[in-house]
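here is my input, please return the structure:
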Amino acid sequence: MWQFEHKAKTKGFKIIAGVDEAGRGPLAGPVVSAAVILPQDFYCEGINDSKKLSEKKRNSLFPLIKEQAIAVAIGVASHQEIDEINILQASLLSMKRAVENLSTPPDFVRPDFLLIDGKFTLEMDIDQSAIVKGDSKSISIAAASIIAKVTRDAMMKDLHDRYPQYNFYRHKGYPTKAHKEAILKYGPCPVHRKTFKGVKEVINAG
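I've put the predicted structure just below:
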């Protein structure tokens, strides 16, 4: 899990951030990214791609990562931005915001190399590498995936309090059968992604 970090170090880079997002697939809510810089002696048993971990395990790892990391930052792109620029561009925007937020209070840390989950790099003046399935190959990206997922889940639980009929606390906005049935029954709410198929069909039918 340290191979990509070590490779970057051998090239002379010193401050390496892992970057990942959560929430590309849901029909509602924001896409949330995290950027994480880990110390060389970081150890956290069981860390892996957040999608392969139970919610209980992610929640237990979240404070350990935040406690041990050199810096952790979050970047968010709203459901409105997703509808305006599409989910891929919104995901990249949230990643960029997460990296930019590393150099703001309280951390003030600017990475000199980025390890990014996926196929795309970011439009930033920082050396970087995109790694497909990086959240299961890089410790920094895996840590970022957990931070992003737990943070987004908490946001969706807050949205559940505002729109309880959709049960966001259960499915976090993903297109489950129950969620799609709720959209059909109640119509989309203000945080649904209007350009996504499962939501757009209901709007067009109405």
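
what's near enough to touch the closest residue to Phe62 other than its chain neighbours?
Excluding the flanking residues, the one nearest Phe62 by CB to CB, 6 or more residues apart in numbering is Val150, at 4.5 Å. C-beta coordinates here come from the backbone N, C-alpha and C atoms, glycine included. Contacts for Val150 (CB atoms under 8 Å, 6 or more residues apart in numbering) come out as 50, 58-59, 62.

among those residues, which are located in helices?
Among the contacts of Val150, the ones falling in helices (DSSP state H) are 58-59, 62.

buried ones among those residues?
When those are checked for burial by 16 or more other CB atoms under 10 Å, the buried set is 58, 62.

list the buried residues for the helix or strand harbouring Ser94?
Here Ser94 sits within helix 87-102, counting by DSSP states H and E. When neighbours are counted by 16+ other CB under 10 Å, the buried residues of helix 87-102 are found to be 87, 90-99, 101-102.

ok, Thr10 - contacts?
With CB under 8 Å, 6+ apart, Thr10 has no contacts at all.

per-residue confidence at it?
Looking at Thr10, its pLDDT stands at 97.

sorry, back to before: packing partners of the helix or strand just after the helix holding Ser94?
Once the chain leaves helix 87-102, the next helix or strand it forms, by DSSP H and E, is strand 113-117. Packing partners of strand 113-117 (3 or more CB pairs under 8 Å, 6 or more residues apart in numbering; DSSP states H and E): helix 3-10, strand 16-22, strand 127-131, helix 139-162.
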